[in-house]
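Q: Sequence below, structure please.
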Amino acid sequence: MTTFAGSITATPLTCSIGAELLDVDLARVAADDALFAELRALLLEYKVLFVRDQNISRADHVALARRFGPLEDHPVLGSDPDHPGLVRIYKDLDSPPEHFENSFHCDATWRENPSMGSVLRCVQAPPVGGDTIWVNMAEAYRRLPERVRTRIEGLRARHSIEASFGAAMPEDRRRDLARRYPDAEHPVVRTHPETGERVLFVNSFTTHLVNYHTPENVRFGADYAPGAAELLHYLMRQAAVPEFQVRWRWTENSFAIWDNRCTQHYAVQDYWPGVRKMERAGIVGDKPF
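A: Predicted coordinates:
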């Protein structure tokens, strides 16, 4: 158990990522500068923080998230009309089937400025199942073989909402979504703006490497399209390594707060016919470098 230099107690959940906060009231954190400074420092240390039994208002939820920065809406999911920036992710027996959450992803990398992070609340948990997994992508980069780190230095990749959320839409809606949110291009390895860590930054929104076709990488056509895709898929699979992960079992009024700049997550859809209702406040981020 680790006690930060203040009043928040953090218990690490794995050797790589994640800590549960004890004896903390998130409504108080939202209103107190010193408590929020502790929380933010713990987030940089552990990358995702978990808190249980937080029966706070939606207004307090939004206020806590806004401490990190402005909140963002979602072009497909929308947000609570009374609390802009609070996205409802409700899954019940009437919900249409979709599979955006149950893949390893980093939120909104299809934006030029992907999310800085999120504050996520469980409103209703299924009796069993519905866990979420988070992954330390700085550790994933650090543990890559040196030859791979050298190979991917300077590579950039394309990220697309059209190829993900838009794929199941009618063509006119898909094309409109692409016009409003053109594919974004980001470095394959980004630098965390606060910690300086190097972070492997490709995920299920990533479609392809954009600057792979160079004389150093390509001798023949077979080196290009298959070779680039194989490298990208290898990099994306690093999120599935258990040694880089923490898995959280949700209960009603439990929260997760994560740094989207250095993590990925996967919402496990194993709970049908259970109901899972979540509310997420996503925080506007900066341009990766």
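Q: list the buried ones in stretch 250-262?
A: Neighbour counts over stretch 250-262 (16 or more other Cβ atoms under 10 Å) mark 250, 253, 254, 255, 256, 257, 258, 259, 260, 261, 262 as buried. All C-beta atoms are positioned from the backbone trio N, CA, C, and that covers glycine.
Q: my guess is the last one contacts residue 192, does it?
A: Yes: applying Cβ atoms under 8 Å as the test, residue 262 and residue 192 come out as touching, 5.3 Å apart.
Q: Give me the common contacts of the two.
A: Residues within reach of residue 262 and of residue 192 at once, by Cβ atoms under 8 Å, 6 or more residues apart in numbering, are 138, 199.
Q: if we can go back for a sec, return the subset of the buried residues of stretch 250-262 lying in strands.
A: 255, 256, 257, 258, 259 (DSSP state E).
Q: List the residue ranges of the protein that fall below the pLDDT cut-off.
A: Scanning the chain for pLDDT under 70 picks out the ranges 1-6, 76-79, 99.
Q: Nearest the geometric middle of it, what residue?
A: Nearest residue to the geometric centre of the chain (Cα atoms, centre = their mean): residue 106, 3.6 Å.
Q: residues in contact with that residue?
A: Residue 106 touches 114, 137, 201, 203, 205, 260, 263, 264, 265, counting by Cβ under 8 Å, 6+ apart.
Q: what's the spacing between it and residue 184?
A: 12 Å (Cβ to Cβ, to the nearest Å).
Q: And residue 172, by the same measure?
A: From residue 172 over to residue 184 (counting by Cβ to Cβ), the distance is 22 Å.
Q: neighbour count winner among these two?
A: More crowded of residue 172 and residue 184, by other Cβ atoms under 10 Å: residue 184, with 20 against 8.
Q: Does the more buried one touch residue 158 like I think?
A: Yes: counting by Cβ under 8 Å, residue 184 does reach residue 158; the two are 7.4 Å apart.
Q: Kindly list the longest helix within the protein.
A: helix 221-237 (DSSP state H).
Q: What are the contacting residues of whatever helix or strand comes next after that one?
A: Using DSSP states H and E, the helix or strand that directly follows helix 221-237 along the chain is strand 245-248. With contact meaning Cβ under 8 Å, 6+ apart, strand 245-248 is reached by 13-14, 16-18, 48, 50, 131-136, 254, 256.
Q: Note down every partner strand of strand 245-248 and its orientation.
A: Next to strand 245-248 in the sheet, as set by DSSP bridges, lie strand 132-136 (antiparallel).
Q: What are the contacting residues of the partner strand?
A: So strand 132-136 is contacted by 16-18, 47-48, 104, 239, 241, 244-248, 250, 256, 258, 262-268 (Cβ under 8 Å, 6+ apart).
Q: Now which of the residues you listed would you call buried?
A: 16-18, 47-48, 104, 239, 244-246, 248, 250, 256, 258, 262-267.
Q: Just the strands from the stretch 1-150 of the chain, written as ranges.
A: Taking DSSP state E, counting those that start in this stretch as the test, the strands found in the stretch 1-150 of the chain are 2-3, 9-12, 19-22, 48-51, 86-91, 117-124, 132-136.
Q: still on that earlier bit, now the ones in strands among the buried residues of stretch 250-262 in JSON lines, with distance to residue 274?
A: As requested, those are exported to JSON lines (distance: Cβ to Cβ, whole Å):
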{"residue": "255", "distance to residue 274": "20"}
{"residue": "256", "distance to residue 274": "19"}
{"residue": "257", "distance to residue 274": "24"}
{"residue": "258", "distance to residue 274": "23"}
{"residue": "259", "distance to residue 274": "29"}
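Q: All good on my end, thank you.
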